[in-house]
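> only geometry, no sequence info:
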């Protein structure tokens, strides 16, 4: 009623026939409302002093703790063409099992007997190395033999040279003796001639002296001729010694040159052999790349190059692969403002996609369907999304994670921090303050549990 009239209206008289009004006015509703509000206020006041665990919330996904256990793309080491698949997608394979066969497409590798022929070339070049080495050894033996013969020949020539020199000396002495005898015979003949002219000697004696003079002249000329001949022999012996030295030096130098050429050819052949060996090993190694095998036990998740006869380039992904055995971990991204609150060993409560959970962020003990983890690592630099990545592994002291979890599934994590009253947490959020920096003494906790 607006009460704009001066005539008062009796409300009870007007509403006495309304049953709802009579029921309401018959109860003490105002008193109950007071009790209810007082009770709610008391409960709310008590809740304000209950302990609350500060937390950091972040989303992430399931991954593996070790990089080699994560999903990986298997690449082709060579360019080729898909010829045959030996497995299907999702199939479990063991380490070393053949997955796909690739044929060759490059012209220089199309020869079906390429490895055999390259092996023959390598063997032939290796045999040529042995031939050159044997030739070098034979020339070394020849050089040794020439050096021995040179020594003997030089000794022989030197002996002949010494003999010739001594013979020259001996013939020279004989010549000087014959010359002196001739001079004496000439003087005796001259004296005999004077005595004959004076009549003191007979003609017979003069003729005898003349005969002796002729004999002395003959010996002189003969010894002179012999001496000159011996001098020629001495000169020839000296020349022969020089010829022997030069001849053997030339032969030895020629043998050494041929030996060096043989060794050079052997080294060149060895270099060619190494090149051929490397090429042969490359051919053998390349033939092993025709079959792509499983690097470890796991599952072929997806074929990237699917068709038979489809070409694949060198280094191109052929299929994706997930190892069968792996250690699960959660990859989450936290804000830079929350990074100082994250240390290795920090406890994280996790909720996995597909696993229903009733989550109480501040009361983890009352949460249902959540699982515990511990921070094992965090990046030292921000990711492309501007946040920092952390890795969370299962907590060994808590319940095991579900065995049916799969890589890539989404997760929701709550990093548990310091315990504070509820009123303090409300006050902190209203003022926009970050959670309290709190370092958990993990070592002391472990020691307490062990005691």
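Perfect, I can see it now. The structure presented is a predicted model; accordingly, all values stated were derived computationally and were not measured.
> Centroid-wise, who is the farthest residue in the protein?
What lies farthest from the middle of the chain is residue 199; by CA atoms, centre = their mean that is 125.2 Å.
> how many other residues sit next to residue 134?
12 (other CB atoms under 10 Å). In short, each C-beta sits where N, CA and C put it, glycine included.
> Does anything pack onto the helix or strand that contains it? Which helices or strands?
In this structure, residue 134 sits in helix 114-197 according to DSSP states H and E. Applying 3 or more CB pairs under 8 Å, 6 or more residues apart in numbering; DSSP states H and E, one finds that helix 114-197 contacts helix 203-288.
> Now residue 97: closest residue in space, sequence neighbours ignored.
Excluding the flanking residues, the one nearest residue 97 by CB to CB, 6 or more residues apart in numbering is residue 294, at 4.8 Å.
> contacting residues around the one you found?
By CB atoms under 8 Å, 6 or more residues apart in numbering, residue 294 lies in contact with 93, 94, 95, 96, 97, 99, 300, 321.
> got it, and residue 408?
Contacts for residue 408 (CB under 8 Å, 6+ apart) come out as 61, 62, 63, 71.
> Give the helix, strand or coil label for it.
Three-state assignment for residue 408 (DSSP: H, G, I helix; E, B strand; the rest coil): coil.
> what's the distance between it and residue 60?
Remark: distance between residue 408 and residue 60 (CB to CB, to the nearest Å) = 11 Å.
> distance between the ends of stretch 338-345?
The first and last residues of stretch 338-345 sit 16 Å apart, counting by CA to CA, to the nearest Å.
> buried sites along that stretch?
For stretch 338-345, burial by neighbour count (16 or more other CB atoms under 10 Å) applies to 338, 339, 341, 342.
> Would you list the phi and psi of the nearest residue to the second one once chain neighbours are set aside?
Counting by CB to CB, 6+ apart, the nearest residue to residue 339 once its immediate chain neighbours are dropped is residue 388, at 4.9 Å. Geometry field for residue 388 lists phi and psi as phi -110, psi 130, criterion degrees, to the nearest 10.
> ok, now which ones touch residue 388?
Residues near residue 388 by CB under 8 Å, 6+ apart: 333, 334, 335, 336, 339, 342, 378, 379, 381, 382.
> can you list the domains in this structure?
51-69+326-450, 72-97+294-323, 114-288 (automatic domain parsing).
> for the record, mean pLDDT for the longest one?
Confidence over domain 114-288, taken as the mean pLDDT, stands at 81.
> centre of the chain versus that domain, how much separation?
63 Å (CA atoms, centre = their mean, to the nearest Å).
> Endpoints of that domain, how far apart?
Span of domain 114-288 from end to end, CA to CA: 14 Å.
> Ok, the second one next?
For domain 72-97+294-323, the first-to-last residue distance is 9 Å (CA to CA).
> Distance from that domain to the middle of the chain?
25 Å.
> Which residue is the nearest non-sequential neighbour of residue 129?
residue 269 (4.6 Å).
> What about the one you found, how many residues nearby?
By other CB under 10 Å, neighbour count at residue 269 equals 20.
> which ones are touching it?
Residues in contact with residue 269, defined by CB under 8 Å, 6+ apart, are 125, 128, 129, 132.
> Which member of those residues is positioned nearest residue 351?
residue 125 (68.7 Å; CB to CB).
> How about the secondary structure of the residue farthest from the centre of the chain?
Once three-state DSSP is applied, residue 199 turns out coil.
> how near is the nearest residue to residue 80 once chain neighbours are set aside to residue 75?
Counting by CB to CB, 6+ apart, residue 80 lies nearest to residue 102, which is 3.7 Å off, once chain neighbours are set aside. Using CB to CB, we find residue 102 at a distance of 11 Å from residue 75.
> And residue 190, by the same measure?
In this view, residue 190 and residue 75 are 125 Å apart by CB to CB.
> Same drill for those two, tell me which one is more crowded.
Applying other CB under 10 Å to residue 190 and residue 75 shows that residue 75 carries more neighbours, namely 15 against 12.
> Would you mind naming the residues that bridge with the more buried one?
As for beta bridges, residue 75 partners with residue 317 under DSSP bridges.
> Please look at it and residue 318 and confirm they touch.
Yes: the pair residue 75 and residue 318 passes the contact test of CB atoms under 8 Å, sitting 6.6 Å apart.
> Does anything pack onto whichever strand or helix holds residue 53? Which helices or strands?
Under the criterion of DSSP H and E, residue 53 resides in strand 51-64. Judged by 3+ CB pairs under 8 Å, 6+ apart, the packing partners of strand 51-64 are strand 328-334, strand 410-421, helix 422-431.
> Could I get the average pLDDT for the last one?
Confidence for helix 422-431, expressed as mean pLDDT, is 81.
> buried stuff in that helix?
Buried residues in helix 422-431, counted by 16+ other CB under 10 Å: 422, 424, 425.
> Quick check: which helices or strands does that helix pack against?
Contacts defined by 3+ CB pairs under 8 Å, 6+ apart place helix 422-431 against helix 29-48, strand 51-64.
> To residue 349, which of the helices and strands packed on strand 51-64 lies closest?
Residue 349 lies closest to strand 410-421 among the helices and strands packed on strand 51-64, at 4.4 Å (CB to CB).
> Of the helices and strands packed on helix 422-431, flag the one that's most buried.
Scoring those by mean neighbour count under mean count of other CB atoms under 10 Å gives strand 51-64 as the most buried, with a mean of 19.
> What pairs with that strand, parallel or antiparallel?
Strand 51-64 is paired, per DSSP bridges, with strand 328-334 (antiparallel), strand 410-421 (antiparallel).
> mind checking which of those strands is nearest residue 288?
strand 328-334 (34.0 Å).
> measure the nearest residue in space to residue 284 that is not next to it in sequence to residue 182 for me?
Residue nearest to residue 284 in three dimensions, not counting chain neighbours: residue 115, with 6.0 Å by CB to CB, 6+ apart. For residue 115, the distance to residue 182 equals 97 Å [CB to CB].
> Of the two, give the one with the bigger neighbour count.
Taking neighbours as other CB under 10 Å, residue 115 and residue 182 compare with residue 182 leading, 21 against 14.
> wait, isn't that one in contact with residue 215?
No: using CB under 8 Å, residue 182 is not in contact with residue 215; the gap is 9.2 Å.
> Take the contacts of residue 269 and lay them out in JSON lines including distance to residue 233 and neighbour count.
Shown next, in JSON lines, are those (distance: CB to CB, whole Å; neighbours: other CB atoms under 10 Å):
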{"residue": "125", "distance to residue 233": "58", "neighbour count": "18"}
{"residue": "128", "distance to residue 233": "52", "neighbour count": "17"}
{"residue": "129", "distance to residue 233": "53", "neighbour count": "19"}
{"residue": "132", "distance to residue 233": "47", "neighbour count": "20"}
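> Format the domains of the chain as a markdown table; extra columns: distance to residue 41.
What follows is these, written out as a markdown table (distance: least, CB to CB, whole Å):
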| stretch | distance to residue 41 |
| --- | --- |
| domain 51-69+326-450 | 14 |
| domain 72-97+294-323 | 57 |
| domain 114-288 | 80 |
